[in-house]
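Enquirer: pasted the sequence and its predicted model underneath.
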Amino acid sequence: MSKAIRIHEQGAPEVMRFEDVEVGSPGPGEVLLSQAAVGLNYIDVYHRNGLYPVELPSTLGMEGAGRVEAVGEGVTELAPGDRVAYASGPLGAYAERRVMPAARLVKLPDGIDERTAAAMMLQGMTVRYLVRETYRVQPGETVLWHAAAGGVGLIACQWLKALGVTVIGTAGSDEKAELAKAHGCAHVINYRRENFVERVRELTDGAGVPVVFDSVGKDTWEGSLDCLRPRGMMVSFGNASGAVPPVNLVQLSQKGSLYVTRPTLVHYTATREDLLACAEDLFDQVLSGAVKIEVNHTYPLAEAAQAHRDLEARKTTGSTVLLP
């Protein structure tokens, strides 16, 4: 038997239970993992609260790192003892041990430990696909990044600065604003005191930005569109404040022939080739020192419900991991 955080219904953090689960042997193409650390991400909240429906009962979690205990038939790229990490389905990361498809795992290079890996795989690969594929940023550009002091935001600020990009970020407190600046964000707007649309226009001499990266959702949707220059791209990759309203295509035309996309990491890492390319780029950034991963919060796996409460209350910054 092994311990895991499971839900039998969707709802508030109280629906999460720390309970015994059976962990079987790996089947063809699978491996059995002993997990050292599990990543906490906002998508876990969506799976828990019902915004993203899941089959019940379900073990939560999309991201983790650990060592291979055993491999199933046909697995040739991995062997017992290998250190690995992942940031994709199937759900089930909130567990001490689990079975995973081998094709969704990547080997960890020397220099990156399991706790760091669990803190960076989903957030770091999200940054990578957003800034290198969804909208391929260019040196000298200025972009707007909401929630710049969050886990994804702090990685993005560092990565974009290394690429020669100026980041205008938003944050909800002066402390978070200073944190974002310390990680490469050139200008930080405290949205509780300032109108971020007006500030973005001031900072860009009225031109607006070519792209907005927005994981906040409902609360920033309209303002984000108003920050874009003509033919700019709105990249909505999260809904921390709630789902965005239905898109009015005429409004996109009126605001400057704007583009809107709602990407997900799943589609950008769907093939083994894409997954490895994305992970290797992230590893290179971290190993070079251009991007530093900071695990600012840790919780025992058994206290995952409290971790969710703190995440939703915006009490966390940077990356958070759960420790089995």
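Expert: Now that the structure is in, tell me what you want to look at.
Enquirer: Gly223 in helix, strand or coil?
Expert: The three-state label given to Gly223 by DSSP: H, G, I helix; E, B strand; the rest coil is helix.
Enquirer: OK, contacts around it?
Expert: By Cβ atoms under 8 Å, 6 or more residues apart in numbering, the residues touching Gly223 are 196-197. (Glycine included, C-beta is placed from N, CA and C.)
Enquirer: repeat that with 10 Å
Expert: Residues near Gly223 by Cβ atoms under 10 Å, 6 or more residues apart in numbering: 144, 146, 170, 191, 195-198, 200, 212, 214, 216.
Enquirer: which one of these is nearest to Gln35?
Expert: Closest to Gln35 out of the contacts of Gly223 is Val216 (30.1 Å), distances taken as Cβ to Cβ.
Enquirer: wait, the closest one sits on Val152?
Expert: No. Val216 lies out of contact with Val152 (Cβ atoms under 10 Å); the separation is 11.3 Å.
Enquirer: list the residues that contact both of the two?
Expert: Common contact partners of Val216 and Val152 (Cβ under 10 Å, 6+ apart): 146, 238.
Enquirer: comparing those two, which shows the higher neighbour count?
Expert: Shown here are Val216 and Val152; by other Cβ atoms under 10 Å, Val152 has more neighbours (25 against 22).
Enquirer: for the strand or helix carrying the more buried one, buried residues please.
Expert: In the assignment (DSSP states H and E), Val152 maps to helix 151-162. Residues 151-161 are the ones in helix 151-162 that count as buried (16 or more other Cβ atoms under 10 Å).
Enquirer: so for those residues, which is the shakiest by pLDDT?
Expert: Lowest-confidence member of the buried residues of helix 151-162: Gly151, scoring 88 (pLDDT).
Enquirer: only C-alpha atoms, please: export the helix or strand where Gln123 lies in PDB.
Expert: According to DSSP H and E, Gln123 maps onto helix 114-129. Backbone C-alpha positions of helix 114-129 (Å, rounded to 0.1, in the frame of the first residue of the first chain) are rendered in PDB as follows:
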ATOM      1  CA  GLU A 114      14.400  16.000  -7.600                       C
ATOM      2  CA  ARG A 115      12.900  18.700  -5.500                       C
ATOM      3  CA  THR A 116      14.000  21.400  -7.900                       C
ATOM      4  CA  ALA A 117      12.700  19.300 -10.800                       C
ATOM      5  CA  ALA A 118       9.300  18.900  -9.200                       C
ATOM      6  CA  ALA A 119       9.200  22.700  -8.800                       C
ATOM      7  CA  MET A 120      10.000  23.600 -12.300                       C
ATOM      8  CA  MET A 121       8.900  21.100 -14.900                       C
ATOM      9  CA  LEU A 122       5.300  22.200 -15.500                       C
ATOM     10  CA  GLN A 123       6.000  25.900 -14.800                       C
ATOM     11  CA  GLY A 124       9.300  26.000 -16.700                       C
ATOM     12  CA  MET A 125       8.000  24.100 -19.700                       C
ATOM     13  CA  THR A 126       5.000  26.300 -19.800                       C
ATOM     14  CA  VAL A 127       7.200  29.400 -20.100                       C
ATOM     15  CA  ARG A 128       9.200  27.700 -22.800                       C
ATOM     16  CA  TYR A 129       6.300  26.900 -25.100                       C
END
